[in-house]
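# fold the following for me, if possible:
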Amino acid sequence: MQLALEIIEYWTTCHWAIAFAIACIVNISVYVLTAKCLHLLIDYAVNTKSFGKFIDDRALKPKQTLREMTYGIVACCIFALGSIFSRMLFDGLWPETLSSLLIQVASFVVFYETYSYFVHRLLHTKYLSMFHGVHHSSVRVTPWSAYSVHPVEAIFIGFSAPVFMLLFSLSLSVALTLHIVGMMFTILLHSNYSHSSGPTLLKLPFSYAEYHSKHHFYGGVNYGFTHRFWDSVLGTYQRQSN
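Alright, predicted model coming up:
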């Protein structure tokens, strides 16, 4: 823990090129380790018939995983660039009080859910669909699909925190933690795994994968990230049971 604190403090003051290199390493590590571990766990669960199943069991496209990993690593480098802007805009390393922490987390979650929904809708317009098509080329998704996106889309994702910081106060530790948690959740979202037959405790997280798989299958539904609010309000919600 102390080492992590020292690295964060060093990162805020070191030369931007060094900070960018560190951010690239962190982003790529989170992406690769999370996707690989989730991939292995899901394959084990499905192949041993322990519990759960693939939502879509069609074969992957030729060289799909390699393509997804390549785009994913490029996206991680763009996220690292976005973090350099966050480094310029943050309001303190740590929230001063517990209430400040809770307000920052809640406000960013609400902001990002709204931001991601409408950016996602924008990416489906005729003007930007050519870029979002990179992500949708993965119809049967895998954990590696999470950040298989065009660099233009990666900019929208990676610069969400700096946009928020232009409007509201956000501590750097909160921004970095939410970013890492968000990356891991996005990878879970693309796990293509249904846990409906397993322990109840794990059903909720993997229900998001079923929710998002509908978007990859049908296209114009289930744009939301963590909540169905905007999908329900604007009529783009597709139930998992359909």
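# show me the helices in this structure, by range?
Counting by DSSP state H, the chain has helices at residues 2-13, 16-47, 64-89, 98-123, 129-136, 151-158, 160-167, 172-189, 203-218, 229-233.
# run the angle between the second one and helix 64-89 for me.
Relative orientation of helix 16-47 versus helix 64-89 (axes from the mean of the first three to the mean of the last three Cα atoms, to 10 degrees): 140 degrees.
# what comes up buried for helix 16-47?
Within helix 16-47, the residues that qualify as buried by neighbour count (16 or more other Cβ atoms under 10 Å) are 19-20, 22-24, 26-28, 30-31, 34-35, 38-39, 42, 45-46. C-beta here means a position set from N, CA and C on the backbone, and glycine is covered the same way.
# ditto for the fifth one
By neighbour count, and taking 16+ other Cβ under 10 Å as the criterion, the buried residues in helix 129-136 are 131, 132, 134, 135, 136.
# quick check: which of the helices of the chain is nearest to residue 144?
Within the helices of the chain, the stretch nearest residue 144 is helix 64-89; the backing value is 4.0 Å (Cβ to Cβ).
# how about the most centrally placed residue in the chain, what does it touch?
Residue closest to the mean C-alpha point of the chain, counted by Cα atoms, centre = their mean, is residue 186 at 3.2 Å. If a contact means Cβ atoms under 8 Å, 6 or more residues apart in numbering, then residue 186 has 146, 147, 225 as its contacts.
# if we go to 10 Å?
Shown in contact with residue 186 (Cβ atoms under 10 Å, 6 or more residues apart in numbering): 31, 34, 116, 143, 145, 146, 147, 157, 208, 212, 225, 226.
# mind listing what's buried in stretch 4-17?
Judged by neighbour count using 16+ other Cβ under 10 Å, the buried positions of stretch 4-17 are residue 11.
# nearest to residue 190 among the buried residues of helix 129-136?
Here the nearest of these to residue 190, counting by Cβ to Cβ, is residue 135; it sits at 9.5 Å.
# and that closest one, how far from residue 79?
The span separating residue 135 from residue 79 equals 15 Å under the rule Cβ to Cβ, to the nearest Å.
# what residue ranges in the chain score low on pLDDT?
Low-confidence segments of the chain, defined by pLDDT under 70, span residues 1, 50, 196-204, 240-242.
# what's next to stretch 225-241, contact-wise?
Surrounding stretch 225-241, the residues in contact under the criterion Cβ under 10 Å, 6+ apart are 55, 109-110, 112-121, 124, 182, 185-186, 189, 194, 196, 207-215, 217-218, 220-224.
# distance between that stretch and the chain's centre?
Its chain's average C-alpha position is 18 Å from that of stretch 225-241, according to Cα atoms, centre = their mean, to the nearest Å.
# got the buried residues for it?
By neighbour count, and taking 16+ other Cβ under 10 Å as the criterion, the buried residues in stretch 225-241 are 225, 230, 231, 236, 237, 238, 240.
# just stretch 169-184 next, same as before
169-176, 178-179, 182-184.
# widest-spaced pair of the residues you listed?
Of all pairs drawn from the buried residues of stretch 169-184, the widest gap by Cβ to Cβ lies between 169 and 184 and measures 24.7 Å.
# wouldn't residue 161 be in contact with residue 79 here?
Yes: here residue 161 reaches residue 79: they are 9.5 Å apart, a contact under Cβ atoms under 10 Å.
# who touches both of these two?
Counting by Cβ under 10 Å, 6+ apart, the common neighbours of residue 161 and residue 79 are residue 179.
# ok, now how distant is residue 220 from residue 236?
Look at residue 220 and residue 236: by Cβ to Cβ, they are 7 Å apart.
# give me the common contacts of the two.
Shared between the contact lists of residue 220 and residue 236 (criterion: Cβ under 10 Å, 6+ apart) are residues 121, 124.
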